[in-house]
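**Student:** what follows is a protein structure lacking sequence information:
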């Protein structure tokens with residue numbers, strides 16, 4: 001009996017040791033000190049002022065697969081819904097919001113679920129975690145946008161560095177969020193492109209080049225304005241928490257600094273964000289811990 005117990009303990013220690021080794025990319029233990037690698041802020045949801053903004057997920061869409069089907073079929077308001085697979089290393093999420101209009105509010109409905117497996121066709125119920133109403137302040141962020149014309153034939157990809165052919169200023173592509181007319185294939189695409197970080201001021205209506213040599217071009221699009229519109233940090237947030245099984249913490253200074261909401265996700269691995277009010281272009285940022 002003792003031999004069996006000792007063997008069981010040894011096997012358990014082996015499995016624990018192996019499990020810890022799989023997490024070496026995220027944390028390291030030195031003595032009694034835990035060193036954790038910090039994930040950066042990511043854009044969880046981005047919303048423009050255009051489009052229908054439903055107040056909440058309807059009852060018939062509150063599972064992962066039903067919601068994904070509604071998004072694919074373009075159900076009313078689906079363009080305002082974002083889904084996000086929560087990394088396994090995240091035990092909680094910090095939320096911030098940025099927008100392009102001072103003192104304007106943006107409202108997000110937050111839903112969480114725990115998938116039955118890691119497969120793409122896995123399902124889960126979606127629990128309503130709460131509502132966040134952020135108000136944009138004046139503190140600058142690293143996010144910008146600008147209207148463009150004459151886009152194509154190359155489609156800018158996230159991470160590309162674009163350089164003004166006249167100004168020589170640079171900015172890194174975050175995403176192309178608005179496509180209003182034309183096509184990149186025809187070289188006449190028009191819409192709004194979003195960047196993170198910039199080196200300076202671009203020249204009015206200049207063409208820009210991409211650093212992607214394999215797919216790049218000396219003229220991927222033309223800025224339709226003199227400079228980028230900057231997103232600013234929300235400095236106030238109001239929480240309406242729902243009784244779904246976890247707790248929120250908010251920081252709302254309302255002094256042109258950073259407002260923030262923090263949520264213990266209790267093992268959830270699927271996040272849904274519905275922007276139910278946004279009269280200006282906004283982004284919801286998230287950072288796991």
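**Tutor:** That came through fine. Computed from a prediction, not measured in an experiment: that's the story for all the values here. Numbering: from 1, shown residues only.
**Student:** list the contacts for the nearest residue to residue 219 once chain neighbours are set aside?
**Tutor:** Of all residues not flanking residue 219 in the chain, residue 207 sits nearest, at 4.5 Å (C-beta to C-beta, 6 or more residues apart in numbering). Placement of C-beta: from N, CA and C, glycine included. Going by C-beta atoms under 8 Å, 6 or more residues apart in numbering, residue 207 touches 150, 164, 165, 166, 218, 219, 220, 221, 222, 223.
**Student:** JSON lines please, covering those residues and showing secondary structure, distance to residue 109 and pLDDT.
**Tutor:** Formatted as JSON lines, the contacts of residue 207 follow (DSSP: H, G, I helix; E, B strand; the rest coil; distance: C-beta to C-beta, whole Å; pLDDT from 0 to 100):
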{"residue": "150", "secondary structure": "strand", "distance to residue 109": "38", "pLDDT": "93"}
{"residue": "164", "secondary structure": "strand", "distance to residue 109": "39", "pLDDT": "94"}
{"residue": "165", "secondary structure": "coil", "distance to residue 109": "43", "pLDDT": "94"}
{"residue": "166", "secondary structure": "coil", "distance to residue 109": "44", "pLDDT": "94"}
{"residue": "218", "secondary structure": "coil", "distance to residue 109": "44", "pLDDT": "86"}
{"residue": "219", "secondary structure": "coil", "distance to residue 109": "41", "pLDDT": "89"}
{"residue": "220", "secondary structure": "coil", "distance to residue 109": "36", "pLDDT": "92"}
{"residue": "221", "secondary structure": "strand", "distance to residue 109": "34", "pLDDT": "93"}
{"residue": "222", "secondary structure": "strand", "distance to residue 109": "37", "pLDDT": "94"}
{"residue": "223", "secondary structure": "strand", "distance to residue 109": "34", "pLDDT": "94"}
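**Student:** please list only the buried members of these.
**Tutor:** Those of the contacts of residue 207 that meet the buried threshold are 150, 164, 219, 220, 221, 222, 223, by 16 or more other C-beta atoms under 10 Å.
**Student:** give me the distance between the second one and residue 85.
**Tutor:** What it means is residue 164. 36 Å (C-beta to C-beta, to the nearest Å).
**Student:** before we go further, residue 68 is sitting in a strand, right?
**Tutor:** No - applying DSSP: H, G, I helix; E, B strand; the rest coil, one finds residue 68 to be helix, outside a strand.
**Student:** ok, now which ones touch the nearest residue to it once chain neighbours are set aside?
**Tutor:** Ranked by C-beta to C-beta, 6+ apart and with sequence neighbours excluded, the top spatial neighbour of residue 68 is residue 83, at 7.1 Å. Residues near residue 83 by C-beta under 8 Å, 6+ apart: 64, 67, 68, 71, 270, 271, 272, 273.
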